[in-house]
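[1] The following block contains a protein sequence and its predicted model.
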Amino acid sequence: MTLHARIDITDDSTAAASDRAIDPMVYGHFLESAFFHNIEGGVFDEGSPLSVAGDGPLAGCRQDVIDACRELGMPVVRWPGGNFTSAYWWQDGTGPRDDRPRRLELAWGSEESNRFGTPEFLAWCEATGATPYLAHSCRSVDDAVRWAEYCNSPGDTELTRRRAADGIDPARPVPIWGLGNEVWGPWQMGHRSVERYAEDAREHARFLRAVDPSIEFVAVGLDDDRWTEVVVRELGEVARWFSVHAYGAGFHLVDPSREEFDAIVSQAVHFEHVLQDFSRTLAAAADRHGITSPVEIALDEWNMRHYEPRTWGAPLPGADGGTAPRDTTGPADPPGTAGENGWRVNRYSPRTLADALFYSGVFHAIHRTATRDVPVTMANTVNLVNANGLLAVREDGLVRSATFHVWDLYLNHFGTRPLPVRALSPSITQPVRREQGWGGEAQCTSSPVAVPVLDVSASASADGSRRYAAIINRSADQDVRTVLVVEGETVEGAVTVRTLGAEAQDLFAANTVDAPEAVSIREGSATLRGGEVTVPAHAVTILEWGSGR
């Protein structure tokens, strides 16, 4: 059976001329040191024939990773974490590599070689075209100031001379600095109350701007009214962004069912609730305290976590780009419950078609904040390389995951001017899962939510010459016959059609070394008559056409 829907796009001059835009930095990324081969064995692989040879800070970085990142586009990358940030001493990662200290790493219980440090990160960002975003622990003003001096100062000091000796000359200033990471959490070194955090962050920001007045800050946010009230009051005129972190929970490794597919793709609805609620809370606090500076949201950690039973053999990276073969016969608790067997995150589980639709839904949720008083203007998925990332990097090459192609669709084949859109489509009333904690306990909303089968985001190109409609069909098995209307007139004639996922035979299909394009973009064209277009099941479709219709 074919479902039916109608999409109405508003394309008036007011919307097109709006100064509100979808910031490309919402398609940003995240790298964490000492974290499941993000860096060593991923971005950085000394001795590999695939790595940059010679001397200099880029030596040892994987050239195939650099090439893939340049192909995709790198708006912004956050480093060195994450939880790793809280105990990190940046000077360990400077100077001659062979002289750098190896340290016990406290966030993830490993050891950090420090062979990839600040000069390597800055050189890698330049090679990939990424804007660097450094996250500091916000535990030492002097440490933060000296890091900014090393990175941003054009002067002639001991630290700027060290930077030059490290191969970064002239300075490559870092424009975005994070003032701590999740300091509200007791797992962080530097965990503290919101009042103390706000005081510390203000002092850090004051002296960081003494080094470089152009620096912009990300303050630690939390989807909590009291925390938000204090940080906005104290930091609203200091920080540009307030962070929020959100994760999804997937259990397809034990339950590859249609129901689990629905549970994964629908979690974008929960993310939208989080972002909209946080936007309203920040705006209200800013209004109460007379904040005149723009307030924006950084969703600077987010992903879909794949859970598996702790009774299974430990996951290790497989040569095919996924998880290596192991014993998976151990018992499992019911998905989403905290039972006697327990759950863990599989960091090597490849990104799937279901994940691709979820990610697309989160991007649509972000797009819909663009015209709010407090929009999401930066987002950084965890992670870029390995560890459930866009690129699965192995000894002999890499795999562009299903989600790599999601970023390609929206960053390179979608507009930056949001257009109002209304979609009349069927919906499925179901509970929506939200992750709660690390143990795999995934709660659902207390009452069922209407999840639209079609999720639509519309936009125009920056110059106004092109129009785009991005359409997610969340149905696992039903196409949707859709009528596309702009300003009351059906869209007629030729359109470019890009789809992701329509040809996959498995709802949890993933790209591998042997099948690198199992979930990838297919480009073609269609001729619309009466505005009618069929949107395929379990797929993302982006339509593009000229504005002069």
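    On my side now, so go ahead.

[2] OK, contacts around Ala460?
    11, 16, 415, 417, 419, 466-468, 547 (CB atoms under 8 Å, 6 or more residues apart in numbering). (Each C-beta comes from the backbone N, C-alpha and C, glycine too.)

[3] and if we set it to 10 Å?
    9, 11, 15-16, 18, 21, 415-419, 466-468, 547 (CB atoms under 10 Å, 6 or more residues apart in numbering).

[4] Can you give me the distance of it to His37?
    Taking CB to CB, to the nearest Å as the measure, Ala460 falls 40 Å from His37.

[5] now do Arg372
    Where His37 is concerned, Arg372 sits at a distance of 37 Å (CB to CB).

[6] The one helix or strand in the chain whose mean pLDDT sits lowest: what's the following helix or strand?
    Scoring the helices and strands of the chain by mean pLDDT, DSSP states H and E places helix 13-16 at the bottom, with a mean of 50. Helices and strands here follow DSSP states H and E; after helix 13-16, the next one along the chain is strand 28-30.

[7] Could you give the separation of that following strand from the chain centroid?
    How far strand 28-30 lies from its chain's middle: 5 Å, per CA atoms, centre = their mean, to the nearest Å.

[8] Partner strands of it and their direction?
    strand 76-79 (parallel), strand 376-381 (parallel) (DSSP bridges).

[9] Buried among the contacts of Ala460? Need that as a selection in PyMOL.
    Of the contacts of Ala460, the buried ones go into a single PyMOL selection, burial set by 16 or more other CB atoms under 10 Å:
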select buried, resi 9+11+15+21+415+416+417+418+419+466+467+468
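
[10] And the contacts of Ala460, which is closest to Gln63?
    Using CB to CB, Thr416 comes nearest to Gln63 of the contacts of Ala460, at 30.2 Å.

[11] For the stretch 301-450 of the chain, which segments are assigned as strands?
    Counting by DSSP state E, counting those that start in this stretch, the stretch 301-450 of the chain has strands at residues 343-345, 376-381, 391-394, 397-400, 417-419, 421-424, 427-430, 433-435, 442-444, 449-452.

[12] Can you show me the helices along the stretch 201-350 of the chain?
    Per DSSP state H, counting those that start in this stretch, the stretch 201-350 of the chain carries helices over the ranges 225-235, 258-265, 267-288.

[13] starting at the chain centroid, how far to the first one?
    Distance of helix 225-235 from its chain centroid, counting by CA atoms, centre = their mean, is 24 Å.

[14] and what of the longest one?
    Going by CA atoms, centre = their mean, the spacing between the C-alpha centre of helix 267-288 and its chain's C-alpha centre is 18 Å.

[15] Can you list the buried residues in that helix?
    267-275, 278-279, 281-286.

[16] swap in the shortest one?
    Taking 16+ other CB under 10 Å as the basis for neighbour counts, the residues of helix 258-265 that come out buried are 260-265.

[17] what's the answer for the first one, then?
    Neighbour-count burial for helix 225-235, counted by 16+ other CB under 10 Å, picks out 227-235.

[18] which regions of this protein sit below the pLDDT cut-off?
    Along the chain, the model assigns pLDDT under 70 to residues 1, 12-18, 437-440, 548-549.

[19] how much space between the residue most central in space within the chain and Ile366?
    The centroid of the chain falls nearest to Thr381 when counting by CA atoms, centre = their mean (2.1 Å). Between Thr381 and Ile366 the computed distance is 11 Å (CB to CB).

[20] Can you check which residues contact both of the two?
    27, 299, 302.

[21] Turn those into CSV, columns for neighbour count and distance to Pro334.
    Converted to CSV, the shared contacts of Thr381 and Ile366 look like this (neighbours: other CB atoms under 10 Å; distance: CB to CB, whole Å):
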residue, neighbour count, distance to Pro334
Tyr27, 25, 36
Leu299, 27, 30
Trp302, 21, 26
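
[22] Tabulate the residues you listed in TSV, adding columns for distance to Pro536.
    Below are the shared contacts of Thr381 and Ile366 laid out as TSV (distance: CB to CB, whole Å):
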residue	distance to Pro536
Tyr27	24
Leu299	29
Trp302	26
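
[23] correct me, but Asn412 touches Met74?
    No: counting by CB atoms under 10 Å, Asn412 stays clear of Met74, with 11.9 Å between them.

[24] More neighbours: those two, which one.
    Met74 (24 against 13; other CB atoms under 10 Å).

[25] Now do the SS call for that one.
    coil (DSSP: H, G, I helix; E, B strand; the rest coil).

[26] Quick check on the closest residue to it other than its chain neighbours: phi, psi?
    With sequence-adjacent residues excluded and distances taken as CB to CB, 6 or more residues apart in numbering, Met74 is closest to Ala130, at 3.5 Å. Taking degrees, to the nearest 10, you get phi -80, psi 150 for the backbone angles of Ala130.
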